[in-house]
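# A structural model of the following input is requested.
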Amino acid sequence: MTRTLNGIVLFTKVAELGSFTAAAKALGVPLPTVSRRVAELEADIGLRLFHRTTRRLSLTEVGDRYLEHGRRIVEELIAAGTEAANTKREPAGRLKLTAPVLFGRDQIAPIVADYLAAYPEVHCSFHLSDQTVDLVEQGYDLAIRGGELTNSAMIVRRIGQIVSGLYASPDFLARQGEKVEPGNLGRYPLIDVRADSLRRRSWMLSSGRDQREVIFTPRHEASDAEAAAQLAERGLGICQLPTFIGDRRCEAGRLTRVLPSFLAGEVPVSAIYPSQHGQTPAARTLIDFIAARLAGQ
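Take a look at the predicted model:
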C-alpha cells in the first residue's frame with residue numbers, strides 16, 4: 001500500500017509538471033526513483049499511464065482519468081497531515097468569527113471571553129451582525145448562526161438551540177379577566193418580533209406531544225426581541241421571546257412566563273466554517289468549547 005501511495009504521488013506530480021525530471025526536482029527525489037515508482041504503479045494496475053517518446057511525455061486516456069483520482073488522493077493526504085499536525089498544537093494565532101447581535105452579545109460573547117482566558121495565545125476578532133457574510137471572501141474562520149442552514153459550500157455543525165417562550169408583565173396579567181390558555185391566547189393583544197406589516201401570523205406552541213397553533217393578528221410588533229420585551233414590560237401584551245432574554249426579566253420581576261409548560265419555538269444553533277481540512281486548532285477548539293457550554297457542560 002505504501003508503495004502504491006508513493007507511486008500515485010509521484011505520478012500526479014509528473015503528470016502536472018509534464019516531466020519526470022521536473023517532478024524529481026520539485027519533490028527532491030532522485031530521477032531514477034521517480035521513474036521506477038511510476039513504472040511499478042503501471043505494473044500494479046496493469047495499464048500504461050504515459051505515452052513516452054524521447055521528446056515528449058503525455059498521458060494516455062487511462063492516465064488522464066487516473067490523474068483525477070490521484071489529485072484527490074494527494075489532497076486528502078495533505079489534509080490528513082495538516083489535521084494531524086494541528087491536533088498536536090496548542091490553539092494560537094488570529095481567529096475571526098461572527099455571530100447574531102442579540103444571541104452573540106448575550107450568550108456567545110461570555111463563552112468566547114472564557115475561551116480566550118483559557119487560551120491566551122489566541123487573538124480574536126469578534127463581529128456581531130445579523131447580516132449573512134461571505135466567510136471566505138471576508139476572511140472569517142467561523143460563524144455562529146441560528147435557523148436551518150442549507151449552504152452546501154460550507155461545513156455546518158449543530159451546536160445547540162434557542163428555545164422560546166411566551167411572556168407578559170405581571171400588571172398585564174393581573175388586569176385580565178380570565179386565565180390565559182392556548183385556546184384563548186389569540187384574543188389577547190400579542191406582540192410579534194418582526195417589522196414588516198401587521199398581518200396575520202401564527203405561533204406554534206408545544207408541550208410534549210401537545211401541539212397548538214395560535215393564529216393571530218399582532219397588536220404590536222418590533223424588529224428584535226429586546227424591543228419586543230420592552231413593549232411587554234410596559235403592559236402592552238404577550239410576546240414570544242428567547243428564554244435567555246425572557247427568563248432574565250422574570251428574575252428581575254419585570255416579566256412573567258405565560259403558559260410555562262409550553263415552548264413557543266426551538267431554533268437550531270450551528271457553527272459554520274469554510275473547510276474541515278483548513279480548520280485551525282483555534283477554530284476547532286472554540287467550536288467544541290461553545291457546544292459544551294451551550295449544552296450546559
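# hmm, which helix or strand of the chain has the shakiest average pLDDT?
Every helix and strand in the chain was compared by mean pLDDT, DSSP states H and E; the lowest is helix 61-87, with a mean of 75.
# Check the gap between Arg36 and Gly160 for me.
Arg36 sits 54 Å away from Gly160, going by Cβ to Cβ, to the nearest Å. Backbone N, C-alpha and C define where each C-beta goes, glycine included.
# Now Leu149: which helix or strand?
For Leu149, there is no host helix or strand (DSSP states H and E).
# my guess is it meets Arg158, correct?
No - proximity of Leu149 to Arg158 does not meet the contact threshold set by Cβ atoms under 8 Å, at 9.3 Å.
# Between those two, which is the more surrounded one?
Leu149 (14 against 11; other Cβ atoms under 10 Å).
# got a pLDDT number for the more buried one?
pLDDT, Leu149: 75.
# for it, what are its contacts?
By Cβ atoms under 8 Å, 6 or more residues apart in numbering, the contact set of Leu149 is 156, 270, 272.
# switch the cut-off to 6 Å
By Cβ atoms under 6 Å, 6 or more residues apart in numbering, Leu149 lies in contact with 156, 270.
# longest strand of this protein?
Longest strand in the chain, counting residues (DSSP state E): strand 155-168.
# Okay, now the sheet partners of that one, with direction.
Partners of strand 155-168 in the sheet, by DSSP bridges, are strand 238-242 (antiparallel), strand 256-258 (antiparallel), strand 265-273 (antiparallel).
# next helix or strand past it?
That would be, after strand 155-168 and using DSSP H and E, helix 170-175.
# Mind giving me the packing neighbours of the helix or strand just after that following helix?
Going down the chain from helix 170-175, the next helix or strand is strand 190-193, by DSSP H and E. Counting contacts by 3 or more Cβ pairs under 6 Å, 6 or more residues apart in numbering; DSSP states H and E, strand 190-193 packs against strand 220-222, helix 225-233.
# Where does the prediction get shaky in the stretch 51-200 of the chain?
78-89, 150-152, 195-198 (pLDDT under 70).
# how about 80 then?
53-55, 74-90, 148-153, 177, 194-200 (pLDDT under 80).
# Now do Ala92 against Gly139, distance only.
18 Å.
# and Arg36, which of the three is it?
For Arg36, the secondary-structure state derived from DSSP: H, G, I helix; E, B strand; the rest coil is helix.
# Give me the number of neighbouring residues for it.
The burial count for Arg36: 13, using other Cβ under 10 Å.
# Leu57 is nearest to which of the helices and strands packed on strand 190-193?
Of all these, helix 225-233 sits nearest to Leu57, with 65.2 Å by Cβ to Cβ.
# from the chain's centre, how far out does stretch 63-74 sit?
31 Å (Cα atoms, centre = their mean, to the nearest Å).
# and that stretch, which residues are buried?
By neighbour count with 16 or more other Cβ atoms under 10 Å, stretch 63-74 contains the buried residues 63, 66-67, 70, 74.
# can you redo the helices and strands packed on strand 190-193 as JSON lines with mean pLDDT?
JSON lines is the format used below for the helices and strands packed on strand 190-193 (pLDDT from 0 to 100):
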{"stretch": "strand 220-222", "mean pLDDT": "91"}
{"stretch": "helix 225-233", "mean pLDDT": "94"}
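# ranking these by burial, who's on top?
Across the helices and strands packed on strand 190-193, averaging neighbours per residue (mean count of other Cβ atoms under 10 Å) puts helix 225-233 on top, at a mean of 20.
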